[in-house]
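Asks: Take this sequence and fold it.
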Amino acid sequence: MYVHLQQIDEGPNYRWGRAAGGGNGVIYYTAGGKRYSFNGPEDVGDGPFGDVERCTNFGVKKAAGYRGIGPYRAVGRNDLTAPLYDFGFAQSATVYANKDAMPDYRSRSVIQSGANYIVVIDDVENDRTEGRFSWFVGTNDDFPSFTRLVRVRYRKMPRSHLRKAAIIEIRQYCL
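Replies: Residues are numbered from 1 along each chain as shown. Sure thing, here's the model as predicted:
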C-alpha cells in the first residue's frame, strides 16, 4: 500500500498553479497493485479547474469567484513544517493550510495503519464550515470503500474554538 499527501511551497515550481495551487492536499493512493486515486496530466496544472474538481481533495467554501475557478479552497501552498510520524504500526503526516484557506480550513492529515487502511482528517473551523470532499479514480479503476467514522470535538478547548474533523476510512481487503 502507498499513500501520498501532496504539499508544495512557494518556491520556483514550474507550471504548478491552478487547482489547489498545484495540487496541495491531493491524495494519491494505491493498494494491492491497484490505483485508487487519479487526476489527469493538467487537472492540477494548467487546466482551468477548481481545487476539488478532477482530483482527490477537500476544500472549504469561500466567496464566489475565488481565482475564477470555483468556490472551494484546499489547503494551498505552504511550507511543509509538520514532521512525518512513524509509530511502527502506523504513520501520520499533516499539511497546514495557508492564509487563503484559514481560518475555515486548518489542516489535512493522513494516517496509514500498516497495510490495512488509511484515515483522512480534514480539520475545519467549526460545525458550520461548508466543505466538499472529492475522490477521483481513472476511467477503468475501482473506487475504494469509504466509511465516515465520526466528528471530533476537542473537550479541552473553549466552546468558541470548537473543531470538527471529517474522518474518512478507506479500506481495501484485496491486500
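
Asks: Give me the phi and psi angles of the closest residue to Tyr28 other than its chain neighbours.
Replies: The shortest distance from Tyr28 to any non-neighbouring residue, by C-beta to C-beta, 6 or more residues apart in numbering, is to His4 (4.2 Å). Where C-beta positions appear, they are placed from N, C-alpha and C, glycine not excepted. With angles defined as degrees, to the nearest 10, His4 sits at phi -130, psi 120.

Asks: how much space between His4 and Arg77?
Replies: Distance, His4 to Arg77, by C-beta to C-beta, to the nearest Å: 17 Å.

Asks: Which one of the two is surrounded by more residues?
Replies: For His4 and Arg77, the more surrounded residue by other C-beta atoms under 10 Å is Arg77, and the numbers stand at 20 against 12.

Asks: In contact with that one, which residues are there?
Replies: By C-beta atoms under 8 Å, 6 or more residues apart in numbering, the contact set of Arg77 is Gln7, Ile8, Asp9, Glu10, Gly21, Gly22, Asn24, Asn98.

Asks: Swap in 6 Å and give it another go.
Replies: Going by C-beta atoms under 6 Å, 6 or more residues apart in numbering, Arg77 touches Ile8, Glu10, Gly21, Asn24, Asn98.

Asks: Grab the nearest non-local neighbour of it.
Replies: In space, Arg77 is closest to Gly21, 4.3 Å off (C-beta to C-beta, 6+ apart).
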